[in-house]
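A.B. asks: make a model of this:
(chains A and B)
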Amino acid sequence: MSAMDSRFSADHQKHTLWARLFKRGRDKGPKGGGSVGGYLKRTWMLYLMLVLPAAFFIIFRYIPMTFMWAAFSDFTIFEPRLFDNAWVGLDNFRHAFTQHDFLPAVRNTLLLNFLDLILGFPMPIILAILLNELKFRKFKRFTQTVLYMPHFISWVVVSGMAVQLLATHFGLINLFLGTNIPFMTNGNHWVFSYVMMGIWKSAGWGTIIYLAAIAGINQELYEAAEVDGANRFQKIIHVTIPCIMPTMVILLILTMGSMMGIEFDRPWVLRNPAVADQADVLSTFIYRRGILNFQYSMTAAVGAFQSGINVILLVTANMIAKKAGERGIW
Amino acid sequence: MVVTEKKFKDNDGHSLGGPRNKKTIMDYVLVLFFIGMVFITFAPMLNILARSLSDATALSLNEVGLLPVGFHLDAYRMIFRDSAYTQSLWFTTYLTATAVIVSMTLTISTAFPLTYDNLKGRKLFSIFMILTMYFSAGLIPFFLLLRDLNLLNTFLVLVIPNALSVFNIIVMRAFFFTIPISLKEAAEVEGANPFQILVKIYLPLSTPVLATLTLFYAVGRWNGFADALMFIDSAHSHLHPIQLLLWRLLQAQTNIEAAAMEGFAGTDWGGLTESLRAATIIIATVPILLLYPWLQRYFISGVTLGAVKE
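C.D. replies: So this is what the prediction gives:
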């Protein structure tokens, strides 16, 4: 009897300890009292739901970070077990930086991203503001439907269209203009075409987020502006734009934070032998040299370099935004 | 959802410039501007469609603009007779359906527990998840992991490794937050468990966000090309999605044309091959575009909510 008592009291102590740890759960829980058992009884299903997602993030997002070992060790196809390879410090980074096509890839990545930012970033904002000014409701809806459509078309398909439309002699645009502009085969023209196709594909879709921000603007602000005698243009400048500024800043921070990163599909499918010097960016460099040529260590180092720079850029952009009095992303 | 739509209507109705029936010259200039935009957006697609339906002579004479010349369906007949295309189309459809089911199940089961404010470790899990948006290991470590897991050249490599999108989880959670908490509490009093609350209360009220995210995942998978290119080799062509097949076709065509231009003539690259290429482009695009109008009425409110909340 006394033995049972002591077991009960030990249990009880454990209970209260856990209960203290899970205090908020006890206080806020709608039912089940304050015990751990009660808390788990109410929530075990929620934890069960999170098991597979947690496994997903661990396996496919965090474990690859340990595989970044490849960037710091001399990894060759002759020693297939990655972690058996010895640490070589920053040798792979040095090796990568001396590759003849590495710096051009960095330059191209930055140039294409910069042009996307300068020319592509304002487009959805302008379109959203103008769409908001459209007074014909059915026409507005139709326009939105059409403008969103290119977002659903893959880059492979866009590149197929580009071949038909932008070819030098037989491309529709050149026939229409009566010119022979090498849109896809001259380096500088290609860069321009790359940016324009990006705008064609995503400017319409990009308006969604700004239209949402505009929809959230308090109508009284417009009414007050009208009372003050503001015309349409002045209302855009003094009400609409300041009100969507936080959205613009957040998107700008995210864009700045990925200046060193670049998608793979777009430059890869748009490139052709004539513009190899302009079209090779870091993502395609890593694919070519790493996966196609098995230079895993060197390209893993390039990837690590890229991720590192992006984190620094993101943190810096966020800091500047906060200094400037904006909300930032964290 | 109702609230959002009302907002849009208000905004449509009299957002700016006083009474909505008063239209100035500016309004018509705007309409002209957007007609131009619609044309720029639509013309390339119409041209491809027209080319796929035109006959060889008209194509080689560059007579095809926005409407087909000498209408016929030969190119489509040829494609559907070619087993490589039909096989890949079926495969891509099957793949997309599987990937959407897996992704949606996982997204729901991540987003729902995160709506419980008093769930221990909720904050930690969110941080753990959101960090992966800003820092990634890069392609090579990811590739080496997939290789060690023996996932290369398997069906699953196209489904599992990118099954979850953090952005989509955030959108779904934001939508779940708009469902009144009193519904949840009432069900809890009745003795419903979290799973029942999810299935019987949350999911039926979440059609807009479910439709939106289904569309996002479906588009991502149908248009996905890089993972198939990198993780499936040419010996496993039965696992090649339609986009990869199309890309290989375009590459081959470019090479043939380059050869033809340099004087290695003999190949008839001008006529039917061109409409074949156009038809392939159409076939690779149309299925996903067909999905879009059906789900469109939902996705505006779905996306909007997520965007406003975060």
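A.B. asks: run through the residues that contact the residue lying closest to B:Leu244 once chain neighbours are set aside.
C.D. replies: Residue nearest to B:Leu244 in three dimensions, not counting chain neighbours: B:Ala228, with 4.6 Å by C-beta to C-beta, 6 or more residues apart in numbering or on different chains. Glycine gets a C-beta too; all of them are placed from N, C-alpha and C. Taking C-beta atoms under 8 Å, 6 or more residues apart in numbering or on different chains as the criterion, B:Ala228 is in contact with B:Leu158, B:Leu239, B:His240, B:Pro241, B:Gln243, B:Leu244.
A.B. asks: now the third one, what are its backbone angles?
C.D. replies: Summarising the backbone geometry of B:His240 under the convention degrees, to the nearest 10, its torsions are phi -90, psi 120.
A.B. asks: what is the neighbour count of it?
C.D. replies: Using other C-beta atoms under 10 Å in any protein chain shown, the number of residues around B:His240 comes to 24.
A.B. asks: just B:Glu190 next, same as before
C.D. replies: Close neighbours of B:Glu190, defined as other C-beta under 10 Å, add up to 9.
A.B. asks: with the one 10 residues further on instead?
C.D. replies: In terms of burial, B:Lys200 registers 12 neighbours under the definition other C-beta under 10 Å.
A.B. asks: residue ranges with poor pLDDT in the stretch 51-200 of chain B?
C.D. replies: The model of the stretch 51-200 of chain B has no residue with pLDDT under 70.
A.B. asks: residue of the stretch 1-150 of chain B closest to chain A, please.
C.D. replies: B:Gly138 (2.6 Å; C-beta to the nearest C-beta).
A.B. asks: chain neighbours aside, what residue packs nearest to that residue?
C.D. replies: Counting by C-beta to C-beta, 6+ apart, B:Gly138 lies nearest to A:Gly303, which is 2.6 Å off, once chain neighbours are set aside.
A.B. asks: pretty sure the one you found is touching B:Leu144, no?
C.D. replies: No - A:Gly303 is beyond contact range of B:Leu144, at 11.1 Å (criterion: C-beta atoms under 8 Å).
A.B. asks: which residue of those two possesses the greater neighbour count?
C.D. replies: When neighbours are counted by other C-beta under 10 Å, A:Gly303 and B:Leu144 differ, and A:Gly303 comes out ahead with 26 against 22.
A.B. asks: so which bits of the stretch 151-300 of chain B are right by chain A?
C.D. replies: For the stretch 151-300 of chain B, the contact set with chain A under C-beta under 8 Å from any C-beta of the partner chain comprises B:160-164, B:185, B:188-189, B:193-195, B:219, B:222-226, B:230, B:243, B:246-247, B:250, B:253-254, B:274, B:277-278, B:280-281, B:284-285, B:288-289, B:292-293, B:296, B:300.
A.B. asks: give me that answer again for 7 Å
C.D. replies: Proximity of the stretch 151-300 of chain B to chain A (C-beta under 7 Å from any C-beta of the partner chain) is limited to residues B:161, B:163-164, B:185, B:188, B:193-195, B:219, B:223, B:225-226, B:230, B:243, B:246-247, B:250, B:254, B:277, B:281, B:284-285, B:288-289, B:292, B:296.
A.B. asks: which of those residues are buried?
C.D. replies: By neighbour count, with 16 or more other C-beta atoms under 10 Å in any protein chain shown, these hold B:161, B:163-164, B:188, B:194, B:219, B:223, B:225-226, B:230, B:243, B:246-247, B:250, B:277, B:281, B:284-285, B:288, B:292, B:296 as buried.
A.B. asks: re earlier: from the contacts of B:Ala228, which is closest to chain A?
C.D. replies: B:Gln243 (4.8 Å).
A.B. asks: check contacts around the closest one.
C.D. replies: By C-beta atoms under 7 Å, 6 or more residues apart in numbering or on different chains, B:Gln243 lies in contact with A:Ser154, A:Val156, B:Asn223, B:Gly224, B:Phe225, B:Ala284.
A.B. asks: farthest pair within these?
C.D. replies: Farthest pair in these (C-beta to C-beta) is B:Gly224 and B:Ala284. Separation: 11.9 Å.
A.B. asks: need the pLDDT of B:Glu5.
C.D. replies: B:Glu5 carries a pLDDT value of 39.
A.B. asks: do the same with B:Ile256
C.D. replies: On pLDDT, B:Ile256 comes in at 65.
A.B. asks: what residues are up against A:Ala70?
C.D. replies: Applying C-beta under 7 Å, 6+ apart, the residues near A:Ala70 are A:Leu82, A:Tyr296, A:Ser297, A:Ala300, B:Ile140, B:Pro141, B:Leu144.
A.B. asks: in strands, which of the residues you listed fall?
C.D. replies: Nothing among the contacts of A:Ala70 maps onto strands, per DSSP state E.
A.B. asks: looking at the residues you listed, which is nearest B:Thr110?
C.D. replies: B:Pro141 (23.4 Å).
A.B. asks: contacts only, for the closest one.
C.D. replies: By C-beta under 7 Å, 6+ apart, the contact list for B:Pro141 reads A:Pro64, A:Phe67, A:Met68, A:Ala70, A:Ala300.
A.B. asks: flag the least confident of those.
C.D. replies: Among the contacts of B:Pro141, A:Ala70 has the lowest pLDDT, at 87.
A.B. asks: element containing it?
C.D. replies: helix A:69-72 (DSSP states H and E).
A.B. asks: that helix: how far from the chain's middle?
C.D. replies: Relative to the centre of its chain, helix A:69-72 is centred 25 Å away, using C-alpha atoms, centre = their mean, to the nearest Å.
A.B. asks: CA atoms of that helix as CSV?
C.D. replies: Provided in CSV are the C-alpha atoms of helix A:69-72 (Å, rounded to 0.1, in the frame of the first residue of the first chain):
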residue,chain,number,x,y,z
TRP,A,69,30.4,18.8,-47.0
ALA,A,70,31.1,18.2,-50.7
ALA,A,71,32.0,21.9,-51.0
PHE,A,72,34.7,21.6,-48.3
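A.B. asks: packing partners for the helix or strand following that helix?
C.D. replies: Following helix A:69-72 in sequence order, the next helix or strand is helix A:91-97 (DSSP H and E). Contact here means 3 or more C-beta pairs under 7 Å, 6 or more residues apart in numbering or on different chains; DSSP states H and E; on that basis helix A:91-97 packs against helix A:296-323.
A.B. asks: give the buried residues for the helix it packs on.
C.D. replies: Applying a neighbour-count criterion of 16+ other C-beta under 10 Å, one finds A:296-307, A:309-310, A:313-314, A:317-318, A:321 buried in helix A:296-323.
A.B. asks: ditto for stretch A:276-289
C.D. replies: Buried, per 16+ other C-beta under 10 Å, within stretch A:276-289: A:Gln278, A:Ala279, A:Asp280, A:Val281, A:Leu282, A:Ser283, A:Thr284, A:Phe285, A:Ile286, A:Tyr287, A:Arg288, A:Arg289.
A.B. asks: for A:Ala55, see how far away the fifth one is.
C.D. replies: The reference is to A:Leu282. For A:Leu282, the distance to A:Ala55 equals 30 Å [C-beta to C-beta, to the nearest Å].
A.B. asks: cool, A:Ser159 as well?
C.D. replies: Distance, A:Ser159 to A:Ala55, using C-beta to C-beta: 37 Å.
A.B. asks: who's more crowded, these two?
C.D. replies: A count of neighbours by other C-beta under 10 Å puts A:Ser159 above the other of A:Ser159 and A:Ala55, at 24 against 11.
A.B. asks: which non-adjacent residue is nearest the more buried one?
C.D. replies: Spatially, and ignoring its direct neighbours in sequence, A:Ser159 is nearest to A:Val269 (4.2 Å; C-beta to C-beta, 6+ apart).
A.B. asks: please identify the helix or strand for the one you found.
C.D. replies: helix A:265-270.
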